[in-house]
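*Asks:* Quick one: sequence and predicted model below, then my questions.
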Amino acid sequence: MWDALDDFYWTYQSLIHAIGVNGILALSVYVVLAVGQLSLGQAAFMGVGAYTGALLSVKFGVPFGVAMLASAVVPALLALVVGGPTLRLTGVYLAIATIGLGEITRIVFLNWDYAGGALGLSSIPERGGVVAIYGTLAVLLVGLTLVARSRVGRAMEAMREDEAAAGVMGVNLPRYRLVALVVSSAMAGVAGCLSAHVSSFIGPNEYGFEAAVTILSYALLGGIGSPLAPVLGSTILTLLPEVLRPLADFRLMVNGLIIVLAVLFMPRGILPWRIARTG
């Protein structure tokens, strides 16, 4: 039995890693959507975290735990800097601004010779693996579920449903928006670091517009009624190319079609139920 499980893992380890990493990315976009903001910057923050962790491992040989911590802190600081001006925007304007941030970040990576430039960064030591990926995913799921059940979760839901009414009720809208963006960026950065250390290679084009749309589609498919919903959406979309291998080259098109169908027929996602609140 153990031999069979071992064979299964080594055969599908890339897929198993991808499901966990994409689950973390789905939670990162969930945090922003939970306060009623539409951001397409998760891929950029993932890239910043991936390059931060990879460079620390390759160039300086720091412990993996330190690299993970740095991969959360650096994107969070970037979000803190850009959050002030960009969060004055809402809706599609915020989405456009974060797309611009993503393209700027990608171009910086593309022309940064120290980090490999257009050729990418290779020889990243394999660290973390399944335990680190799914341990992080479990901790984030539990943590966000507890937040959703708290007074903070009710404030976030109020912002999502009616921002003006939430402000009248005393919710500090700018602070919640900024905190959500910072937390979301840190989570995306950690996902990037974990992904880099299991794939041993990263390139600038992995964190462009296509990745941003794919990450958003996780939450649109699964829903944002609970933290589990976007994780379910990411799992389905990660498995889909394996199930439909002939359509693997059209993944972006398939994801776009899924977004359209989800918006039209399942506006709250495939798991729309909200978890019970306490406190």
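*Replies:* Happy to help now that I have it.

*Asks:* where in the stretch 1-150 of the chain is pLDDT low?
*Replies:* 1-3 (pLDDT under 70).

*Asks:* can you give me the helices in the stretch 1-150 of the chain?
*Replies:* In the stretch 1-150 of the chain, the helices defined using DSSP state H, counting those that start in this stretch lie at 2-33, 42-60, 64-86, 91-110, 129-148.

*Asks:* Can you lay out those as TSV showing distance to residue 265 and mean neighbour count?
*Replies:* C-beta here means a position set from N, CA and C on the backbone, and glycine is covered the same way. Shown next, in TSV, are the helices of the stretch 1-150 of the chain (distance: least, Cβ to Cβ, whole Å; neighbours: other Cβ atoms under 10 Å):
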stretch	distance to residue 265	mean neighbour count
helix 2-33	19	19
helix 42-60	25	26
helix 64-86	32	19
helix 91-110	22	17
helix 129-148	25	16
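
*Asks:* Tabulate the ones you listed in CSV, adding columns for distance to residue 262.
*Replies:* Formatted as CSV, the helices of the stretch 1-150 of the chain follow (distance: least, Cβ to Cβ, whole Å):
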stretch, distance to residue 262
helix 2-33, 13
helix 42-60, 18
helix 64-86, 26
helix 91-110, 17
helix 129-148, 21
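
*Asks:* Which of those sits closest to residue 267?
*Replies:* Residue 267 lies closest, by Cβ to Cβ, to one member of the helices of the stretch 1-150 of the chain: helix 2-33, at 12.8 Å.

*Asks:* coming back round to it: looking at the helices of the stretch 1-150 of the chain, which is closest to residue 222?
*Replies:* Using Cβ to Cβ, those put helix 2-33 closest to residue 222, at 6.9 Å.

*Asks:* packing partners for the closest one?
*Replies:* Applying 3 or more Cβ pairs under 8 Å, 6 or more residues apart in numbering; DSSP states H and E, we find helix 2-33 packed against helix 42-60, helix 129-148, helix 173-199, helix 209-222, helix 228-243.

*Asks:* Just put the ones you listed in JSON lines and tack on distance to residue 76.
*Replies:* Formatted as JSON lines, these follow (distance: least, Cβ to Cβ, whole Å):
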{"stretch": "helix 42-60", "distance to residue 76": "8"}
{"stretch": "helix 129-148", "distance to residue 76": "14"}
{"stretch": "helix 173-199", "distance to residue 76": "4"}
{"stretch": "helix 209-222", "distance to residue 76": "17"}
{"stretch": "helix 228-243", "distance to residue 76": "20"}
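
*Asks:* Which of these sits closest to residue 15?
*Replies:* Among those, helix 228-243 comes nearest to residue 15, with 6.2 Å by Cβ to Cβ.

*Asks:* List of residues touching that closest one?
*Replies:* Contact partners of helix 228-243, identified using Cβ atoms under 8 Å, 6 or more residues apart in numbering, comprise 15, 18-19, 22-23, 25-27, 29-30, 137, 141, 145, 214, 217-224, 247-248, 251, 254-255, 258, 269-272.

*Asks:* hang on, the earlier thing: which among the helices of the stretch 1-150 of the chain is found nearest to residue 156?
*Replies:* helix 129-148 (7.7 Å).

*Asks:* what's the distance between the helix or strand just after that closest one and the middle of its chain?
*Replies:* Next along the chain after helix 129-148, taking DSSP states H and E as the criterion, comes helix 151-161. In terms of Cα atoms, centre = their mean, to the nearest Å, the centre of helix 151-161 is set 21 Å apart from its chain centre.

*Asks:* so for the helix or strand that helix 151-161 is followed by, what's the average pLDDT?
*Replies:* Once the chain leaves helix 151-161, the next helix or strand it forms, by DSSP H and E, is helix 163-168. The pLDDT scores in helix 163-168 average 84.
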